[in-house]
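Colleague: Fold the following and give me the result.
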Amino acid sequence: SVSDYSTEVIETGRYGDNSPLKVKETMTLKDGYIKKAGKNLIIEIGKFIGGQVELDEKERERSVDIYLDHAKTYVYEIKLEIPEGYTVKGLDALNSSVDNVTGNFITTAVMDGNMLKVKTIKTYKNNYLKSEQWNDMALWLDAAFAFNQAKVLLEKK
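Modeller: Below you'll find the model as predicted:
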């Protein structure tokens, strides 16, 4: 469940091609994304960026060109305060990069004091791609889905 939810529009994105829409959301999550494992906690950190496309086997083959409404970039910055007495395990798995001519999915994760800072960037570089480029696009779509399944362990000291 979500409590203490607030949202703030930082930039409207209405004033030119290089003017992004920036929104800040703050919330307290209870249950759902946090599970107990003995004295440790498992955080489903990948779920914080919302659902991602999961390609099934029949979607891996494509003969039709790809049309999107526009090129776009989604940037998520997640800041998770780590409670005193816990250490983060699995941080290395949150750092990855898949980048090619069709787009990218890049993640970075670092500890800053007791704050876990995770940043993801997902970019659709074009609004039109030939069907032959589908495999390149599928690479970073798969990376985004894999991140969506990522978890970190908060180990009790």
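
Colleague: Could you use CA atoms for every contact and neighbour count after this?
Modeller: Fine.

Colleague: most centrally placed residue in this protein?
Modeller: Centroid-nearest residue in the chain: I49, 4.2 Å away (criterion: CA atoms, centre = their mean).

Colleague: Can you verify my assumption that that one contacts Y76?
Modeller: Yes: between I49 and Y76 there is a contact at 6.6 Å, judged by CA atoms under 8 Å.

Colleague: Just give the nearest non-adjacent residue to E54, would you?
Modeller: Of all residues not flanking E54 in the chain, F145 sits nearest, at 6.0 Å (CA to CA, 6 or more residues apart in numbering).

Colleague: Quickly find the element holding that neighbour.
Modeller: helix 134-148 (DSSP states H and E).

Colleague: after that helix comes which helix or strand?
Modeller: strand 152-156.

Colleague: To what extent is the closest residue to K156 other than its chain neighbours buried, counted in neighbours?
Modeller: Computed as CA to CA, 6+ apart, the closest residue to K156 that is not its neighbour in sequence is Y86, at 4.5 Å. Using other CA atoms under 10 Å, Y86 has 16 neighbouring residues.
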